[in-house]
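**Student:** Sequence and predicted structure below; questions after.
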Amino acid sequence: MNIMSEAAVEKALDQKMNTVPYKMIGKDVSVYYGEKRALFDVNLNIRENTVTALIGPSGCGKSTFLRTLNRMNDTIENCRVTGKITLDEDDIYDPTIDVVELRARVGMVFQKPNPFPKSIYDNVAYGPRIHGLARTKAEFDDVVETSLQKAGLWNEVKDRLQEPGTGLSGGQQQRLCIARAVAVSPEVILMDEPCSALDPIATAKVEELIHELRSNFTIVIVTHSMQQAARVSQRTAMFHLGNLVEENDTDKMFTNPDDQRTQDYIMGRFG
Amino acid sequence: MTDIASPAVRISTRPASAKRDIGIKRRYAAERRFRAYGIGAISLGLFFLALLLWTVFSNGYTAFQQTTITLPIEFTEKVIDPKGERTTDGKVLMTANYPLLVRDALIKQLGIDASKRPLVKQATDMVSASSRTLLRDIVVADPSVIGKTIPVTLLAEANVDSAFKGQIDLKVEESKRKVKDQQVTWMNELASAGVLKKSFNTGIFTFGASSRPEAAGVGVAALGSLFMMLIVLVLSLPIGVAASIYLEEFAPKNRLTDLIEVNINNLAAVPSIVYGLLGLAVFINFAGMPRSAAVVGGLVLTLMTLPTIIIATRAALKAVPPSIRSAALGLGASKMQTIFHHVLPLAMPGILTGTIIGLAHALGETAPLLLIGMVAFVVDYPGSPMEPSTALPVQIYMWANEAERAFVERTSGAIIILLIFLVVMNLGAILLRRRFERRW
């Protein structure tokens, strides 16, 4: 794991984002669903311990790009990915890379909260269990507690860990899903519109959580909400019709974008 | 009042009575009609169900009672073992003239002159011919009874049984009915003495096939059915579930799998008798398995049940929300882990329901069994699935072909037993469903 110290992160943030090293590098990434091409030679790099927001109108390919990062597209029939994506030094589409191992390094949180119909405890413990990250009861208890704490859910659920995760409220369920992803100690966490099914208060909590997680994880988030992108991210990438339009520091993106289309989208002229 | 203001005024003061006709009445009427159709359909269904149950139960409940005659039987050594050879020759006890013991006991009980042959014949006809084996079994089990007098409960002959239950019209001319006046007199005499009475018919559950209704039961057939159900369960559940998981989760979607899917759906609709022919050709003719054996029946019914189980299992797997799969895969679970840890447990209620419905279907299946020789007159319990046996619905079919009044009630009685089996299985399905059902 690449954990930067708190001070290092703050320092990095104070500098121009451009100096933060890359965690993942996407080069000429194209995605085809059968005959249909969904992404056109996208070159997008993800910086370490940074929140990168992917924005753009519906169907622009931002979720598709996100899903190439942990090869969730593999599960879709007829889906083909070309180009190269590396995680640190490893080409994640290399045949020698095991997709199971990759997903243990690049976790994912989905649009709709999808806890397993099991207890809260088992939801969080599932990842460590299948990857053998914890062995004894005490180790499991420990990983469950720290993960729930990182997800800011511990105080709300510590007395009812054996109750079903599906019984929580929508916002709590989503934070449970984040805790579940965190429990595997991934290096990168992908979030596919994690707040679109949540009310404003739950959204605020998740956004706050994303802020805190940044010190330990590299985060890529797809969002439909411009305000959310502005609030949570340091880097923003704008997609349109399967092309990467612009990638820039979030501040610059929302004040003085380089591309006219970005300007139009942010101003709400299309979308 | 200005001209400009007037249109706005007109709109706002549109009278309430001038509502647009948006067909509210028509829509409600359509809904009421639809409800009426639904209630009509359900009532019709319930009516026929009630009719069926009423017919079966009103005809069949008497089958669970049997008239018995308890007589003090004197196990005379002179009759059983006149030469005293029983210690050296085991056959003596097996072949002894046991009906003679019953005759003697009857003569004594009814006070008949032993020299009046026709009268004695009428008296012995009142007791089931199965008494021979009953007494033989008593003596063989415990030879020390020889020389003693023991009260033994014998089955009444089927016609006496029917007459005693009031199923034979005694007003009919004597020559045209099976029970004679003299027998009816004796019957009433014995009944008032407490010797002849109705008791619960355990025989219908334990006996095997017999041409004498009073000695016929579904025990052997039920064991045959049980063997077959076990074979079907053990084979079709794992094969069906494994096939469904492969087809649903692993197999690529292409022409070949489409073809397989179409064929499975077709197989579910193939008439069961065709499976019987297949079993006859493959298992008996080609593989040389024994005829009339539960193992062949079980295999044929397995083939017949598989499509049902596969279709139900695939539907259950499909119904598991994709978000659960994504969640597991996103955590780095392998495909196998995703399926066995998350998808399969969630699909379990559907799989079990499908399996039990398939089993219940197989339990009631007769046609394929006709072709593999399971329509057999099997008297003894099969010791293994390889031995000749028959099945519950086949027993019903065979009894339905018999003419005696006593077989009519037994046919209905057997149907009741089969229905109880089915109800228990379906209840099991519901309970399992409740137990496994989880919400997400």
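**Tutor:** Nice, thanks for sending it over.
**Student:** Show me what from the stretch 151-271 of chain A comes close to chain B.
**Tutor:** Residues of the stretch 151-271 of chain A lying close to chain B (CB under 8 Å from any CB of the partner chain) are A:P164, A:T166, A:C177, A:R180, A:A181, A:V184. (Each C-beta comes from the backbone N, C-alpha and C, glycine too.)
**Student:** correct me, but the fifth one touches B:A327?
**Tutor:** No. Using CB atoms under 8 Å, A:A181 is not in contact with B:A327; the gap is 9.4 Å.
**Student:** The residue most central in space within chain A bridge partners, please.
**Tutor:** Central residue of chain A (CA atoms, centre = their mean): A:L190, 1.8 Å from the mean position. Beta-bridge partners for A:L190, by DSSP bridges, are A:M108, A:V220.
**Student:** Test my guess that it contacts A:M108.
**Tutor:** Yes. Counting by CB under 8 Å, a contact exists between A:L190 and A:M108, whose distance comes to 4.6 Å.
**Student:** Please enumerate the helices of the stretch 151-271 of chain A.
**Tutor:** For the stretch 151-271 of chain A, helices defined by DSSP state H, counting those that start in this stretch occupy the ranges A:154-157, A:170-183, A:200-213, A:226-232, A:250-255, A:260-267.
**Student:** Need the mean per-residue confidence for the fourth one.
**Tutor:** Computed over helix A:226-232, the mean pLDDT rounds to 90.
**Student:** With only the CA atoms kept, save that helix in PDB.
**Tutor:** Presented in PDB, the C-alpha positions along helix A:226-232 are these (Å, rounded to 0.1, in the frame of the first residue of the first chain):
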ATOM      1  CA  MET A 226     -21.100  19.200 -11.100                       C
ATOM      2  CA  GLN A 227     -21.300  20.600  -7.600                       C
ATOM      3  CA  GLN A 228     -20.300  17.200  -6.200                       C
ATOM      4  CA  ALA A 229     -17.300  17.100  -8.600                       C
ATOM      5  CA  ALA A 230     -16.300  20.600  -7.500                       C
ATOM      6  CA  ARG A 231     -16.700  19.700  -3.800                       C
ATOM      7  CA  VAL A 232     -14.900  16.400  -3.600                       C
END
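**Student:** Return the set of buried residues in that helix.
**Tutor:** For helix A:226-232, burial by neighbour count (16 or more other CB atoms under 10 Å in any protein chain shown) applies to A:M226, A:Q228, A:A229, A:A230, A:R231, A:V232.
**Student:** what about the residue nearest to the fourth one when sequence neighbours are not counted, how many neighbours?
**Tutor:** Put plainly, it is A:A230. The spatially closest residue to A:A230, leaving aside those adjacent along the chain, is A:F254, at 5.2 Å (CB to CB, 6 or more residues apart in numbering or on different chains). A:F254 has 17 neighbours, counted by other CB atoms under 10 Å in any protein chain shown.
**Student:** bridging residues for the closest residue to B:Q65 other than its chain neighbours?
**Tutor:** Nearest residue to B:Q65, sequence neighbours excluded (CB to CB, 6+ apart): B:K198, at 4.8 Å. As for beta bridges, B:K198 partners with B:T67 under DSSP bridges.
**Student:** Hmm, B:K198 is touching B:T67, no?
**Tutor:** Yes. Here B:K198 reaches B:T67: they are 5.5 Å apart, a contact under CB under 8 Å.
**Student:** overlap in contacts of these two?
**Tutor:** By the contact definition CB atoms under 8 Å, 6 or more residues apart in numbering or on different chains, B:K198 and B:T67 are jointly contacted by B:F164, B:K165.
**Student:** What residue in the stretch 101-250 of chain B comes nearest to chain A?
**Tutor:** B:E249 (10.5 Å; CB to the nearest CB).
**Student:** neighbours around the residue lying closest to that residue once chain neighbours are set aside, how many?
**Tutor:** Nearest residue to B:E249, sequence neighbours excluded (CB to CB, 6+ apart): B:I339, at 5.6 Å. Neighbourhood size, B:I339 [other CB under 10 Å]: 21.
**Student:** what do you get for B:R35?
**Tutor:** Around B:R35 there are 10 residues (other CB under 10 Å).
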